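Asker: the following block contains a protein sequence and its predicted model.
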Amino acid sequence: MTFPPSAQSDQSHIRAVLGPTNTGKTHLAIERMCGHSSGAIGFPLRLLAREVYDKVCAIKGEAACALITGEERIEPQGARYFLCTAEAMPSDGGGKAFVALDEAQLAADRERGHIFTDRLLNARGRDETMLLGSATLEPLVRKLVPEAQVEERPRFSTLSHAGSTKLSRLPPRSAIVAFSIEQVYQVAELLRRFRGGAAVVMGALSPQTRNAQVDLFQSGEVDYIVATDAIGMGLNLDVHHVAFAALSKFDGARQRRLTPAEMAQIAGRAGRHQTDGTFGTMSGGGRGRNGAPLEFSEEELLAIEQHRFAPITKLFWREPEPRFDTLDLLISDLEASPRTEGLAPAPEAIDMAVLKRLSEQAEVIDGVTTPAQVERFWQACQLPDFRQLGPEGHARFVARLWADLRAGHIGADFVAARIGELNNIAGDIDTLQGRLSAVRSWAYICQRPDWVLARDEMAARARAAEAKLSDALHQKLTERFVNRRTAVLMRGMGKDAGLLRVQLEDDGRVTVEGQPIGHLEGFRFVVDDTASSEDRKLMLAAAEKHMPALLAAKANKLIGEELGELQIADGQLMRGEQKVATLEKSKFAAAPRIVIAKELGQMDPAHRSRLEEALQVWLEQNLAPLAPLQALQEAANDPEAGTEVRALLLTLADRGGMVRREDAGLAHVPKEKRPFLRRLGVTIGSLDVYMPALLKPAPRRLLRALGVDRRDVREAMEAVIDGSQHLPAGYRRAGKQAIRIDMAEKLFRAAHEQRAKSANARDEGARGFPVDMALATSMGLSPEGFRSLMKDAGFRQGQPLELAEGAYGPPRPVPWAWRAPRKDSMQKRRPERSGAKGKPDKKRPDKRSGKGSHKGFGDRRGKPPASNQPATGKALAGLADLLKG
């Protein structure tokens with residue numbers, strides 16, 4: 001950001017980094033802070049502050065880092081980097097070189113909003129300040145902090161709606177979100193019975209218990225996690241799908257439906273970094289109004305998937321520096337209205353409610369007459385309500401606390417006795433939660449500098465009791481909501497089949513977890529009708545799931561005894577250098593015919609038949625990664641496909657699951673047939689039609705070994721590679737680099753979304769639209785490669801727009817333009833040969849599309865591309881056509 005020379009030396013650089021979840025905002029703040037001599041970051045949760053504290057300690061060392069929260073204080077002498085909760089961070093920044101506030105949109109929260117508003121307005125770093133939060137905060141940031149440079153960051157992954165799902169059909173790595181403890185327990189109990197169990201995360205749990213429950217999920221011991229909306233902030237989990245068990249919650253004042261922004265905050269937990277995620281509702285459980293099925297509205301889905309929400313119109317404010325002359329003056333200052341547009345008086349928080357209640361009780365406020373006593377009384381009223389007692393119950397607890405504080409310090413013996421009473425691990429889950437909440441209250445009390453004698457010793461006792469109770473609560477939750485045996489069986493039904501103990505005994509018996517459930521006769525499984533246990537159905541299903549592996553083991557044993565180790569190479573089954581069989585192309589490329597080599601044809605018919613059967617089983621097992629390709633070929637025979645779609649499917653199958661869009665014949669495919677293609681896993685992109693499932697190393701290696709696609713294969717199928725050599729399968733050129741085609745499609749879609757957004761705000765033809773390179777940079781794509789790739793999709797970068805003479809501020813984004821390359825039109829060109837190796841394809845100009853006919857931004861005269869449609873219509877039409885694919 002550029003300032004006038006007179007202001008550069010006395011004004012801190014303020015950046016507002018805004019965007020949805022999974023945009024790397026917090027990671028950016030950590031990097032920026034570690035680049036300064038000192039810093040402080042305020043977080044909304046103690047749990048998140050602790051997580052980031054551990055990360056910064058790994059970078060800077062424990063001696064340089066401090067953790068400051070209401071209940072915990074780790075502050076080495078000479079610490080330079082402070083990780084705090086928003087309430088505990090210095091209200092003015094504390095003179096640190098760098099200051100950041102995370103989740104700044106919480107300034108609109110009814111209970112804690114005034115704290116975040118105060119930090120947003122007043123906490124500043126000497127050299128740099130960062131405000132991190134949702135894009136809904138942008139209008140108020142521009143109004144209240146006009147000197148801030150606003151930056152928007154795109155989400156690294158795509159978030160899409162997956163509809164309604166029964167609990168029994170929830171995919172592994174799912175998070176189920178409920179909004180009451182009763183519903184959390186109900187869902188967790190159902191998951192224990194039918195899916196092996198779930199981790200449980202609620203805001204009432206201590207950070208240690210939450211971490212232990214999260215580790216259950218992250219380690220893969222359970223595949224499901226049930227949580228309240230506490231999951232929406234501060235927990236980075238390996239979640240692929242988020243299912244809402246309800247869409248309304250009690251916000252402390254009334255039962256209401258979640259706002260689209262709140263829904264997105266929770267749904268955004270699905271998919272981290274560049275892994276896409278899905279969200280939906282849980283069917284068969286909660287109901288909406290009038291008993292209607294639980295579902296999102298079209299407007300909510302559009303907002304969540306495209307990250308477009310109504311802006312926040314007001315932030316809650318409360319006087320941060322009230323006067324303490326008298327209690328009445330203190331209350332008057334705290335209830336004062338702000339004089340700044342965009343700020344609103346904060347609703348009555350629980351500390352204010354407690355202050356008002358106790359100020360009316362003469363026996364409680366007796367002697368609270370001096371400013372020092374008034375300030376101390378107000379500090380006591382600000383004790384957090386960890387036990388969720390509500391204003392009335394919490395006020396009684398504060399009154400008892402004040403009776404001891406009024407005369408000075410609380411005695412160490414008294415505090416030790418109270419902590420000792422709570423340090424008891426007997427009881428059920430609710431009892432342990434109540435004790436934990438009470439211990440957290442005493443941990444907060446022990447952290448106050450002048451409340452408790454022998455403060456450090458008492459604080460250590462409180463932390464020890466909290467750790468002991470947390471361990472006990474974690475154990476109780478695990479015992480109640482995790483069936484370890486069923487969890488292992490269910491895990492075997494998913495992608496981690498190798499973790500299930502399914503064995504084939506020497507006598508042919510098949511056992512699951514030691515339980516005999518059948519036997520093999522040749523290569524046929526026969527169920528043992530006498531098998532019985534409480535998990536019998538699940539065991540039988542698990543054995544059926546494992547039959548391919550068991551049959552393959554038996555086939556491998558037979559083949560090993562007869563032929564030795566085999567491999568697929570050049571369309572043949574090879575034993576070292578000796579050919580065992582030829583794999584002849586059949587109707588399906590993924591299911592070739594086995595033709596035994598002549599040298600083995602002299603075996604007797606019975607032995608040869610047994611060997612052929614074993615080879616067929618071995619081959620089917622080893623060709624499993626090509627199942628999506630076989631599904632394509634089978635779908636081509638489906639009457640629903642029609643001739644046009646059948647032609648596309650056969651082309652895709654023949655070319656190994658990918659084809660350039662201009663060669664796909666999409667002009668002949670009706671729009672209504674595209675959902676049929678999506679169900680098969682086919683993606684219609686800007687430049688390519690492909691199956692993402694076939695862009696992995698295993699299927700590409702098999703296609704090369706079978707001779708279907710002889711191009712080179714990258715072992716790891718990285719997102720971006722050096723493009724100076726031969727182009728491997730699954731990549732397209734991007735300047736001197738090459739990018740995997742599905743990663744290229746992500747960049748195209750992000751640019752189209754930005755184009756549509758800009759077109760809504762102004763006339764594209766007049767100014768163009770910005771394109772953010774953050775996602776491309778995170779993939780490893782160079783600016784030159786990015787421009788070259790985007791040019792292939794019809795995007796053109798314009799010239800930088802300089803500020804007017806005498807103007808100051810951040811540089812304006814470089815404008816881009818787009819002209820449809822018309823990839824669906826029937827062009828006369830040589831069809832792509834997937835088996836060709838070596839030479840890269842030469843790009844030819846397309847006169848009808850205008851590709852290659854102009855340079856830079858617009859046409860040769862510097863004008864943007866013209867169209868009969870308005871800018872908004874063009875942008876949305878292009879984006880809609882892309883997303884239909």
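Answerer: Done, it's in. Numbering: from 1, shown residues only.

Asker: could you find the closest non-adjacent residue to R119?
Answerer: Among residues not flanking R119 along the chain, L101 sits closest, at 5.0 Å (CB to CB, 6 or more residues apart in numbering). For glycine as for every other residue, the C-beta is placed from the backbone atoms N, C-alpha and C.

Asker: what does that neighbour show for phi and psi?
Answerer: With angles defined as degrees, to the nearest 10, L101 sits at phi -120, psi 120.

Asker: again with P322
Answerer: According to degrees, to the nearest 10, P322 has phi -70, psi 160.

Asker: go ahead and confirm it touches L334.
Answerer: Yes: using CB atoms under 8 Å, P322 is in contact with L334, at 5.4 Å.

Asker: and stretch 104-124, how far apart are its ends?
Answerer: Using CA to CA, to the nearest Å, one end of stretch 104-124 lies 14 Å from the other.

Asker: re the thing from before, P322 and L334: which has the busier surroundings?
Answerer: Taking neighbours as other CB atoms under 10 Å, P322 and L334 compare with L334 leading, 22 against 18.

Asker: low-confidence ranges in the stretch 1-150 of the chain?
Answerer: 1-12 (pLDDT under 70).

Asker: repeat that for 90
Answerer: For the stretch 1-150 of the chain, the stretches with pLDDT under 90 are 1-12, 19-25, 45-48, 50-51, 69-73, 109-111, 134-135.

Asker: now do the helices in it.
Answerer: Assigned by DSSP state H, counting those that start in this stretch, the helices in the stretch 1-150 of the chain fall at 5-8, 25-34, 46-60, 113-122, 138-144.

Asker: just the ones you listed: most buried one?
Answerer: Highest mean neighbour count among those (mean count of other CB atoms under 10 Å): helix 113-122, with a mean of 23.

Asker: contacts for that one, please.
Answerer: Contacts of helix 113-122 with the rest of the structure, by CB atoms under 8 Å, 6 or more residues apart in numbering, involve 42, 44, 86-87, 89, 91-93, 101, 103-104, 106-107, 109, 131, 141, 144-145, 315-318, 320, 343, 346, 349.

Asker: any weak-confidence spans in the stretch 751-885 of the chain?
Answerer: Scanning the stretch 751-885 of the chain for pLDDT under 90 picks out the ranges 753-775, 797-817, 819-885.

Asker: I568 in helix, strand or coil?
Answerer: Here I568 is recorded as strand under DSSP: H, G, I helix; E, B strand; the rest coil.

Asker: residues in contact with the closest residue to it other than its chain neighbours?
Answerer: Residue nearest to I568 in three dimensions, not counting chain neighbours: A705, with 4.3 Å by CB to CB, 6+ apart. Contacts for A705 (CB under 8 Å, 6+ apart) come out as I568, A569, D570, G571.

Asker: just the strands from the stretch 551-700 of the chain, written as ranges.
Answerer: Listed in chain order, the strands of the stretch 551-700 of the chain (DSSP state E, counting those that start in this stretch) span 567-569, 572-575, 578-584, 593-596, 658-660, 683-684, 688-690.

Asker: how many residues are close by the residue nearest to A774 when sequence neighbours are not counted?
Answerer: Nearest residue to A774, sequence neighbours excluded (CB to CB, 6+ apart): R153, at 6.0 Å. Here the number of neighbours of R153 (other CB under 10 Å) works out to 19.

Asker: now do the nearest residue to T129 once chain neighbours are set aside against H752, distance only.
Answerer: In this structure, T129 finds its nearest non-sequential neighbour in I14, 4.6 Å apart by CB to CB, 6+ apart. Going from I14 to H752 by CB to CB, to the nearest Å gives 31 Å.

Asker: these two: who's more crowded?
Answerer: The residue with more neighbours, out of I14 and H752, is H752; 25 against 20, by other CB under 10 Å.

Asker: in terms of helices and strands, where is that one?
Answerer: Element membership of H752, judged by DSSP states H and E, is helix 741-761.

Asker: need the pLDDT of C446.
Answerer: We have a pLDDT of 91 for C446.

Asker: ok, it touching A454?
Answerer: No: using CB under 8 Å, C446 is not in contact with A454, being 9.3 Å away.

Asker: between those two, who's got more neighbours?
Answerer: More crowded of C446 and A454, by other CB under 10 Å: C446, with 25 against 16.

Asker: show me what contacts the residue nearest to the more buried one when sequence neighbours are not counted?
Answerer: Excluding its sequence neighbours, the residue lying closest to C446 (CB to CB, 6+ apart) is A459, at 4.0 Å. Residues counted as contacts of A459 (CB under 8 Å, 6+ apart) are R73, A443, C446, Q447.

Asker: test my guess that the second one contacts R73.
Answerer: No: under the criterion of CB under 8 Å, A443 makes no contact with R73, lying 10.0 Å away.

Asker: closest to P770 out of the contacts of A459?
Answerer: The closest of the contacts of A459 to P770 turns out to be R73 (CB to CB; 44.0 Å).

Asker: next, count neighbours for that closest one.
Answerer: Number of residues near R73 (other CB under 10 Å) recorded here: 17.

Asker: who does it form a beta bridge with?
Answerer: For R73, the beta-bridge partners under DSSP bridges are I68.

Asker: likewise for the one 10 residues further on?
Answerer: Using DSSP bridges, the bridge partners assigned to L83 are I41, L67.

Asker: show me the contacts for it.
Answerer: L83 neighbours (CB under 8 Å, 6+ apart): A40, I41, F43, A49, R50, V52, Y53, V56, C65, A66, L67, I68.

Asker: tell me which element V200 falls in.
Answerer: In the assignment (DSSP H and E), V200 maps to strand 199-201.

Asker: what's that strand packed up against?
Answerer: If you count contacts as 3 or more CB pairs under 8 Å, 6 or more residues apart in numbering; DSSP states H and E, strand 199-201 packs onto helix 181-195, helix 207-218, strand 224-227, helix 455-481.

Asker: could I get those as JSON lines with mean pLDDT and distance to F795?
Answerer: Listed next are these as JSON lines, based on pLDDT from 0 to 100; distance: least, CB to CB, whole Å:
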{"stretch": "helix 181-195", "mean pLDDT": "84", "distance to F795": "45"}
{"stretch": "helix 207-218", "mean pLDDT": "84", "distance to F795": "39"}
{"stretch": "strand 224-227", "mean pLDDT": "91", "distance to F795": "40"}
{"stretch": "helix 455-481", "mean pLDDT": "87", "distance to F795": "50"}
